[in-house]
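Generate a structure from the sequence data that follows.
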Amino acid sequence: MASGNIDPSLLAGLNAPLPAEVQRRIKALKNLEDKQAEIDAEFRKELQALEKKFHDKAQTLYDQRAKIVSGDVEPTDAECEREDSDYEVRKSLSCTTL
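Residues are numbered from 1 along each chain as shown. Got it, this is the predicted structure:
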């Protein structure tokens with residue numbers, strides 16, 4: 001048989017209906033797939049709400065940062081208080097010793 005030619009005996013069974021037990025399995029699998037799609041939709045909806053909640057919380061900080069960076073607002077003394085972590089101290093020391 002040349003390449004590209006398909007043995008007609010292989011195609012003969014393609015038009016025959018699937019056995020009833022296989023059709024039942026397929027329907028059950030499709031039902032499970034539908035339920036999974038519902039769960040995925042619920043997940044996406046809740047994730048979107050959670051993202052919005054935290055975006056809204058952070059937006060105030062973003063606005064404050066923009067004002068400080070642009071110089072529109074000077075930070076208060078309390079906003080400037082900070083204990084440097086060990087990493088930050090080591091990093092600043094290594095930068096000043098160069």
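
And for Lys67, the neighbour number?
Using other CB atoms under 10 Å, Lys67 has 13 other residues around it. In this view, the C-beta of every residue, glycine as well, is placed from N, C-alpha and C.

And for Gln64?
13.

residues touching it, list them.
When contacts are counted by CB atoms under 8 Å, 6 or more residues apart in numbering, Gln64 touches Val73.

And it, how close does it get to Leu14?
Distance of Gln64 to Leu14, given as CB to CB, to the nearest Å: 67 Å.

So what's the gap between the helix ranked longest in the chain and the chain middle?
If you go by DSSP state H, the chain has its longest helix at helix 20-70. Averaging C-alpha positions (CA atoms, centre = their mean, to the nearest Å) puts helix 20-70 8 Å from its chain's average.

Sketch out the low-pLDDT regions of the chain for me.
Along the chain, segments meeting pLDDT under 70 span 1-4, 10, 12-13, 86-98.

Give me the buried positions along stretch 26-33.
Buried residues in stretch 26-33, counting neighbours by 16 or more other CB atoms under 10 Å, are absent.

Quick check: Pro75 touching Ile68?
Yes: between Pro75 and Ile68 there is a contact at 5.6 Å, judged by CB atoms under 8 Å.

so what sits against both of those two?
Joint contacts of Pro75 and Ile68 (CB under 8 Å, 6+ apart) do not exist.

Tell me the spacing between Pro75 and Ala20.
Applying CB to CB, the value for Pro75 to Ala20 is 75 Å.

Please say which of the two ends up with more neighbours.
Higher neighbour count among Pro75 and Ala20: Pro75, with 11 against 8, using other CB under 10 Å.

now the more buried one: how far from Asp63?
To Asp63, Pro75 is 14 Å away according to CB to CB.

hey, C-alpha coordinates of stretch 68-83 in CSV?
Taking C-alpha atoms only, stretch 68-83 is exported to CSV below (Å, rounded to 0.1, in the frame of the first residue of the first chain):
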residue,chain,number,x,y,z
ILE,A,68,6.2,61.2,47.5
VAL,A,69,8.2,60.3,44.3
SER,A,70,6.9,63.3,42.5
GLY,A,71,7.7,65.6,45.4
ASP,A,72,4.1,66.7,45.8
VAL,A,73,4.2,65.5,49.4
GLU,A,74,7.1,65.3,51.9
PRO,A,75,6.9,62.2,54.1
THR,A,76,6.4,62.7,57.8
ASP,A,77,9.1,61.7,60.3
ALA,A,78,7.0,58.7,61.3
GLU,A,79,6.9,57.6,57.7
CYS,A,80,10.7,57.8,57.4
GLU,A,81,11.4,55.7,60.5
ARG,A,82,12.7,52.3,59.6
GLU,A,83,15.0,49.7,61.0
